[in-house]
Structures are given as structure tokens and as C-alpha cells.
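dropping a prediction and its sequence here:
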Amino acid sequence: MRRPTLRNYLVLFILAIVFLLSACVTCKTTSTIGQRPEKWATQMKNTCNVPNFYKINNNIYRSAQPTEEGMKQLCDVMKIKTVINLRSFHSDNYEKMCSTALPDERLHVKAWHPEDEDVIKVMKILSHKENGPFLIHCQAGADRTGLMSSMYRVIYDKWTKEEAIEEMINGGYGFHPWWKNIIEYIQDFPDVKIEELRKQFQAQ
């Protein structure tokens, strides 16, 4: 009878390690999905023409760049009234895509250098609830959209910065980890200014 060699034992050991690691990853993935907080944005179904489409609340949605057909669905079916386009070099051409004209709230937001004036402008637009439902989008619906959604959470929903960042990173939106400056921007946003903005927009 042929006895197992050292090489056989080594192969078995490696296979065992791989199996254990796979099991850990599977368990972690299942656990993360099962523990998604209810207050996080809800993914919208059957919306292939509006990728990365989530409902923040009854009046605000977030997504990646909609297709032309997706924009029509947003206007005619979802009844979106205002689209906030955060992309620097892309126009949505609402006039061609929608049966009704939409307010053109286009900003030139830079993921590599978020600016207070852009955040404040978006928060001001969202303060006029009668102009909703709103859609906030950029190209991927992950980073610039994640920033504005997080600031909305902090200013309007009164989440902590940590709670807002947690949703932005782990909410399934595809946030890119190399944009650490976005995380730092939210962390460093002055608490005094947050309180000022809360009072300003609540008064409108």
C-alpha cells in the first residue's frame, strides 16, 4: 500500500485552508445582507434603465446615470419632478427625454475636491419639498451621489456622521475606497455649520 507523501499532506492542508476561507467569506456576505438597517435607502426593482437606483425616502431617490429610456420612465412613471445632475461634463437633455420639462439642476461636483457651496446648493434644492420627488445622480451613483446623500442624512435626518458614512460605504452603492477625501470631507464638516444649515432649511 502506497503511503501518503509530504506533498499529499501539503495539498490537503492548502485545500482545507481554502475551504475555511471560502466558508468565512460566504458567512460574512450572508450576514451583511441580512443585517442591512431598515433606515438605509431601499433598492428599487426592475429598473435596468436606471442603474444603482435606490429610494432614500418618499421624496428623494438616488441612482447612476439613467439611460434615455430610464429618464422617460422617471418622468412619466415615477413622476420625478427635479433631477439633480452632479456630473461635470454630461447633460441629461431633459427636453428630449421627457414629455414634461424638468428643472435643470445641474452642478459640476468634483469627487476629488468636494466644495461646501455644492453641498449647500443641493441641500437648498432639497429643502423645497414641493419640487419633489427628486433624483440625485452622477455617473456611477456611488461617490458624488454618496456624498450628497450622506450630507442629507446628517443635515435633514440628523444622523451622526459615522452613521451616514457607514451607509455610504456599505450600503451596496459601489462606493470606491480610493475616494478617502470624500469620507474625510464628511468627517471634517463643521458641526456648527451643520446646525446652521439645519436651522436655515427648517425655516423655509
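Structure's in. What do you need?

and the closest residue to Trp179 other than its chain neighbours, how close does it get to Thr160?
In space, and not counting its chain neighbours, Trp179 is closest to Asp143: 5.1 Å by C-beta to C-beta, 6 or more residues apart in numbering. From N, CA and C alone the C-beta is placed, and that goes for glycine too. From Asp143 over to Thr160 the distance is 21 Å, taken as C-beta to C-beta, to the nearest Å.

the more surrounded of the two?
Asp143 (22 against 10; other C-beta atoms under 10 Å).

what ranges does this structure have for its helices?
Ranges of helices in the chain, per DSSP state H, are 6-34, 68-76, 94-97, 116-127, 144-155, 161-170, 180-188, 191-202.

what average pLDDT does the second one get?
If I follow you right, that is helix 68-76. Per-residue pLDDT values across helix 68-76 average out to 89.

what helices and strands are in contact with that helix?
Counting contacts by 3 or more C-beta pairs under 8 Å, 6 or more residues apart in numbering; DSSP states H and E, helix 68-76 is packed against helix 94-97.

tally of neighbours for the nearest residue to Ile56 once chain neighbours are set aside?
Spatial nearest neighbour of Ile56, excluding adjacent residues (C-beta to C-beta, 6+ apart): Ala41 at 4.8 Å. Applying other C-beta under 10 Å, we find 20 residues neighbouring Ala41.

list the contacts of Ala41.
Tyr54, Lys55, Ile56, Arg62, Ser149, Glu167, Gly171, Tyr173 (C-beta atoms under 8 Å, 6 or more residues apart in numbering).

again, only using 7 Å
Tyr54, Lys55, Ile56, Arg62, Gly171 (C-beta atoms under 7 Å, 6 or more residues apart in numbering).

next: Asn181.
By C-beta under 7 Å, 6+ apart, the contact list for Asn181 reads Trp112.

how about 8 Å then?
Going by C-beta under 8 Å, 6+ apart, Asn181 touches Trp112, His113, Pro114.

pLDDT wise, what is the last one at?
As summarised for this prediction, Pro114 has a pLDDT of 95.

hang on, the earlier thing: just the closest of the contacts of Ala41 to Gln73, please.
Gln73 lies nearest to Lys55 out of these, by C-beta to C-beta, at 14.4 Å.

do I have it right that the closest one meets Thr47?
No: counting by C-beta atoms under 8 Å, Lys55 stays clear of Thr47, with 10.5 Å between them.

which one of the two has more residues nearby?
Thr47 (19 against 16).

ok, the closest residue to that one other than its chain neighbours - contacts?
Sequence neighbours aside, Phe53 is the residue nearest to Thr47 in space, at 4.4 Å (criterion: C-beta to C-beta, 6+ apart). Taking C-beta under 8 Å, 6+ apart, we find Phe53 in contact with Gln43, Met44, Thr47, Tyr61, Arg62, Ser63, Ala64, Gly141.
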